[in-house]
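S.K.: any chance you could fold what I've pasted below:
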Amino acid sequence: MDYYLAIDLGTTGCRSIVFDDSVCMQGSAYEEYGLITPKECWVEQDAELWWTLTLRTAKKAIQQANIDPAKIRSICVSSQGITVVPVDAELKPLCNAISWLDTRAESQANRLKKDCCEKEMFLRTGKFINSCYTLPKLMWLQERRPRLFEDARWFLMPMDYLVGKFTGICITDHSMASGTLMYDIQNCCWSQETLEKYHIPTEKLPPIVWSGEPVGKVLPLVAEELGLSSECVVAAGAQDQKCAAQGVGLQEGILTVSLGTAGAITKLWTELTTYACDKVGWCGYTQPGAWVTEGVINTAGTCLRWVREMLFQGEDYATIDSEAQTAKERGSNLLFYPYLNGPSSPSYYPDAEGTFYGVNLMTQRGDFALAVMEGVAFQIRILLEAMDAYDNAEGLILFGGAAKSPLWCQIIADIAGLEIRVPSTAEAAGAGAAMLAAKATGKVIKPLACTKTYMPNDRTNYEIKYKKYRSIEAKLWNKG
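M.R.: Purely as a prediction, here's the structure:
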């Protein structure tokens, strides 16, 4: 039996998982880490802590798996994207990593909007100009920390940094690069036009390779610390949502829906048509000849957690499901718009805020829970329509916290009007990383199997409610 070590470095935690070649988890360990917020709009992380926790959780996962670590054939990293850390030639961070949540580069993003035709930028990169992306952050460093910018040998994203620490070799992949605003999505390379215009030296950016390509062997000191074989290979990984899509078997006609802290709906394309489908962002994927559109709900699972903290303190999610079900059976008409941290795709209403609409004296706490579940499901449908998904969509594979709720799964099936499939484990990003790790050794392993299915069965009522939802949404933010 062969084993693979998957590292899943998220926004607030690091998980290491040992998988076998049937994508069965043998051992897992997780540790959280904090966000550093020194100023308003600034969100940073300690990149050295990423590496410390990677080693620590890897050791624990291997120990829990109770296997000889020398049998681990390959390692692969799934990570948050966009976040960037400047490092020197020895991969020592020159400052904290600037998180994808950081919006300090708003003036640089505005400069880009003035300099560039936004439509042109979208066609070139697949992205709308926004301060969350890497390019505005690098422009900020140029202007505010010019010495640091000059001293940096590499500008690395989280996956790039961990691969570098494992192997001493700096690379990135197409899914990570396409989250930077510096990626030429038409030609699958760094955009020389963009780099030259904004004086970003190409040699400071890591070369782009395909996910699953072998990068190099684990460095001797790292292999010794983890007990790995000197022949253990490190594979190029991918951004976590793309890894997760890989892990559950994204394919044409089968979209993936990740509902964790945020939500992401991913559709696979074998032809790049940014000129026609231009309401949500495009990304490179894990193999040549494939791209994805990704619609994002900034706050998805976060909304239900918020309702739990406000109205269901000390209660479990089963209680929330039960009271939401009762509200559904009563015919609750409460609506919720999940803009708890402002505008979200595809409409980007500039004044959008989280809103409950239709509260009255009969409203109970279960109505609020149901409204959140339905509101997120309505947003999924809005994004499916924006991605032209109904042209060929056969079903959705749903994973993340929401997939644990049968009620929420059924609501999404009813509102989207599509079959919902739920995979055997919630660790989809780790499973995708394991698949890429195996690929680097020449082995092919299958995606996670789906073990639950939900068919749409309440279409008429939800069609009426959906039309009402869209109509009120337009009135709330002066769009109709």
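
S.K.: going by C-alpha atoms from here, please, whenever you check contacts or count neighbours.
M.R.: Noted.

S.K.: doesn't M157 make contact with I82?
M.R.: Yes. Using C-alpha atoms under 8 Å, I82 is in contact with M157, at 6.5 Å.

S.K.: so what sits against both of those two?
M.R.: Between them, I82 and M157 share these contacting residues under C-alpha atoms under 8 Å, 6 or more residues apart in numbering: M176.

S.K.: more crowded one of these two?
M.R.: M157 (29 against 25; other C-alpha atoms under 10 Å).

S.K.: may I have the beta-bridge partners of the closest residue to the more buried one other than its chain neighbours?
M.R.: Of all residues not flanking M157 in the chain, V84 sits nearest, at 4.6 Å (C-alpha to C-alpha, 6 or more residues apart in numbering). For V84, the residues forming beta bridges with it (DSSP bridges) are I98.

S.K.: where do the strands sit along the stretch 251-400 of the chain?
M.R.: For the stretch 251-400 of the chain, the strands defined by DSSP state E, counting those that start in this stretch cover 254-259, 263-269, 281-284, 291-297, 335-337, 355-357, 395-399.

S.K.: single out the most deeply packed of those.
M.R.: With neighbours defined as mean count of other C-alpha atoms under 10 Å, the strands of the stretch 251-400 of the chain peak in mean count at strand 281-284, which reaches a mean of 26.

S.K.: okay, now the sheet partners of that strand, with direction.
M.R.: Here, using DSSP bridges, strand 281-284 pairs with strand 291-297 (antiparallel).

S.K.: identify the residues contacting the residue lying closest to V359 once chain neighbours are set aside.
M.R.: Nearest residue to V359, sequence neighbours excluded (C-alpha to C-alpha, 6+ apart): L334, at 6.3 Å. When contacts are counted by C-alpha under 8 Å, 6+ apart, L334 touches F356, Y357, G358, V359, T363, D367, F368, A371.

S.K.: among the residues you listed, name the ones in helices.
M.R.: Of the positions in the contacts of L334, D367, F368, A371 sit in helices, assigned by DSSP state H.

S.K.: please report how far the last one lies from D414.
M.R.: So that's A371. 14 Å (C-alpha to C-alpha, to the nearest Å).

S.K.: got it, and the first one?
M.R.: From D367 across to D414, the span is 18 Å (C-alpha to C-alpha).

S.K.: can I assume I82 sits in a helix?
M.R.: No. Counting by DSSP: H, G, I helix; E, B strand; the rest coil, I82 falls outside a helix, being coil.

S.K.: how close does it get to T172?
M.R.: 12 Å.

S.K.: which residues do those two both contact?
M.R.: Residues touching both I82 and T172 by C-alpha under 8 Å, 6+ apart: M157.

S.K.: which residue packs closest to E106, ignoring adjacent ones?
M.R.: Distances taken as C-alpha to C-alpha, 6+ apart place S131 nearest to E106, at 5.2 Å, with adjacent residues excluded.

S.K.: under a three-state scheme, what state does that neighbour occupy?
M.R.: Going by three-state DSSP: S131 is coil.

S.K.: surely Y161 is in a helix?
M.R.: Yes. Y161 forms part of a helix when assessed by three-state DSSP.

S.K.: is it in contact with C170, as I believe?
M.R.: Yes. Under the criterion of C-alpha under 8 Å, Y161 makes contact with C170 at 7.3 Å.

S.K.: mean pLDDT and distance to A428 added to the strands of the stretch 251-400 of the chain, as JSON lines?
M.R.: Output for these, formatted as JSON lines (pLDDT from 0 to 100; distance: least, C-alpha to C-alpha, whole Å):
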{"stretch": "strand 254-259", "mean pLDDT": "93", "distance to A428": "9"}
{"stretch": "strand 263-269", "mean pLDDT": "93", "distance to A428": "13"}
{"stretch": "strand 281-284", "mean pLDDT": "94", "distance to A428": "19"}
{"stretch": "strand 291-297", "mean pLDDT": "91", "distance to A428": "16"}
{"stretch": "strand 335-337", "mean pLDDT": "95", "distance to A428": "27"}
{"stretch": "strand 355-357", "mean pLDDT": "94", "distance to A428": "31"}
{"stretch": "strand 395-399", "mean pLDDT": "95", "distance to A428": "7"}
